[in-house]
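Sequence first, then the predicted structure:
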Amino acid sequence: MNEIDHKTSTARFCPICGKLDEPAYKPFCSKRCADIDLHRWLSGIYTIPAKDDEDEDGERPAEGEAGDK
Ligand SMILES: [Zn+2]
């Protein structure tokens, strides 16, 4: 029988700040860092246009167009 490792055999570090991660926020150390990473991730995939008060009714990005990647 294989013994499952219940202990954290491999210490992981938060990719954001480098601290030891918290089980609750794996692989991050805190919700904050998880949030930061999520933000980076999102902004990397979805190109968020600058928010302008002006409503340009000419250029509208296709909605629901998911990236090919
Ligand atoms: Zn962190």
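Here it is on my side, so go on.

thought C29 was touching P23?
No - at 10.5 Å, C29 does not count as touching P23 under the criterion of CB atoms under 8 Å. C-beta coordinates here come from the backbone N, C-alpha and C atoms, glycine included.

Between the two, tell me which one has more neighbours.
More neighbours surround C29 than the other of C29 and P23, with 21 against 7 (other CB atoms under 10 Å).

What separation do you get for that one and the ion?
In this view, C29 and the ion are 4 Å apart by CB to the ion, to the nearest Å.

pretty sure that residue belongs to a helix, no?
No - judged by DSSP: H, G, I helix; E, B strand; the rest coil, C29 forms no part of a helix; its state is coil.

Backbone dihedrals for it, please?
Note on C29: its backbone torsions stand at phi -90, psi -20 [degrees, to the nearest 10].

Tell me the confidence at it?
Each residue has a pLDDT score; the one for C29 is 96.

ok now do it, which residues does it touch?
The contact partners of C29, taken as CB atoms under 8 Å, 6 or more residues apart in numbering, are 13-14, 16-17, 19-22.

Show the overlap between the residues you listed and what lies near the ion.
Near the ion, taking CB under 5 Å from the ion as the test, the members of the contacts of C29 found are 14, 16-17, 19.

Identify the farthest-apart pair in the residues you listed.
Pairwise distances across these (CB to CB) peak at 8.5 Å, for the pair I16 and K19.

Comparing these two, which residue is more hemmed in?
The residue with the greater number of neighbours, taking I16 and K19 and applying other CB under 10 Å, is I16; the counts read 18 against 12.

Mind pulling up the pLDDT for S43?
Each residue has a pLDDT score; the one for S43 is 86.

got it, and the one 10 residues further on?
Looking at D53, its pLDDT is 69.

buried set for the helix or strand hosting H39?
For H39, the enclosing helix or strand under DSSP states H and E is helix 31-45. Burial within helix 31-45, assessed by neighbour count using 16 or more other CB atoms under 10 Å, is assigned to 33-34, 36.
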